[in-house]
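>>> Task: produce atomic coordinates for the following.
(one chain, ligands or ions: 1)
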Amino acid sequence: MSTVTVGVVMGSSSDWDTLQQAVQILQEFGIPHEAKVVSAHRMPDDMFAYAEAAAGRGLKAIIAGAGGAAHLPGMLAAKTTVPVLGVPVASRHLQGVDSLHSIVQMPKGIPVATFAIGAAGAANAALFAVAMLAGHDAALRAKLEAYRARQTEAARAMSLPPRD
Ligand code: RP5
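This next block holds a predicted model:
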């Protein structure tokens, strides 16, 4: 059994639609990972235990997604030096602007790398984790470069509808 390298945690199962975008990327790149609900306000003791154990378990990054008053990424970061990548989940009333502000506005001293609201942010958080890991893994770097090259080719192949 391989050691989990990246943890993906979220405040609720309702965040899964968004955070599964991160998990898909980690799967695609063959990164050993786990995904679980760790709610900051409903499971504070579990949240602290997760953060406190992270480095010892060998986690190299934690992708944390939450919506609304999204304190999960910041509170995890407060309890571990493992890099925390925060994903703002789109909320019902404020469309995730509340989540974004909650995650991005960390006071000086405890950083959380913050990504875009929603699916793009979740996917990019995973790609960022891949890039971090690729710094020590030439095969992974080659995979990431191939992934980028495919996007380049797809963009070059784009065409626009004919105009009069
Ligand atoms: C946050 O509250 C979660 O991250 C989720 O985005 C939001 C709503 O949670 P549920 O009411 O759907 O469980 O803690």
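>>> use CA for all of it now, contacts and neighbours both
Noted.
>>> For S12, which non-adjacent residue is closest in space?
Distances taken as C-alpha to C-alpha, 6 or more residues apart in numbering put V37 closest to S12, at 5.6 Å, once the chain neighbours are dropped.
>>> Beta-bridge partners for that neighbour, please?
M10 (DSSP bridges).
>>> need the strands for the protein, in chain order.
Under the criterion DSSP state E, the chain contains strands at 6-10, 33-37, 61-67, 84-89, 113-114.
>>> Deepest-packed of those strands, please.
strand 84-89 (a mean of 32; mean count of other C-alpha atoms under 10 Å).
>>> Can you name the residues of this protein that neighbour the ligand?
Contacts of the chain with the ligand, taken as C-alpha under 6 Å from any ligand atom, map to M10, G11, S12, S14, D15, S39, A66, G67, G68, V89.
>>> Generate CSV for those, with pLDDT as supplementary columns.
Converted to CSV, the residues of the chain next to the ligand look like this (pLDDT from 0 to 100):
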residue, pLDDT
M10, 98
G11, 98
S12, 98
S14, 98
D15, 98
S39, 97
A66, 98
G67, 98
G68, 97
V89, 98
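>>> Tell me which two of these sit farthest apart.
Taking C-alpha to C-alpha, the two most distant members of those are S39 and V89; they sit 13.4 Å apart.
>>> Can you pull the residues that touch both of these two?
Shared contacts of S39 and V89, defined by C-alpha atoms under 8 Å, 6 or more residues apart in numbering, are absent.
>>> need the contact list for L133.
With contacts defined as C-alpha under 8 Å, 6+ apart, the neighbours of L133 are K60, L140.
>>> buried stuff in the helix ranked longest in the chain?
Assignment by DSSP state H gives helix 138-156 as the longest helix of the chain. Across helix 138-156, burial judged by 16 or more other C-alpha atoms under 10 Å covers L140, R141, L144.
>>> between these, which is closest to the ligand?
L144 (29.2 Å; C-alpha to the nearest ligand atom).
>>> follow-up on the earlier one: can you give the contact residues for the longest helix of the chain?
Against helix 138-156 from outside (C-alpha under 8 Å, 6+ apart): F29, V130, A131, L133, A134, G135.
>>> Taking the residues you listed, please make a ChimeraX selection of just the buried ones.
If you want just the buried ones from the contacts of helix 138-156 in ChimeraX, going by 16+ other C-alpha under 10 Å, the selection is:
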select :29,130,131,133,134
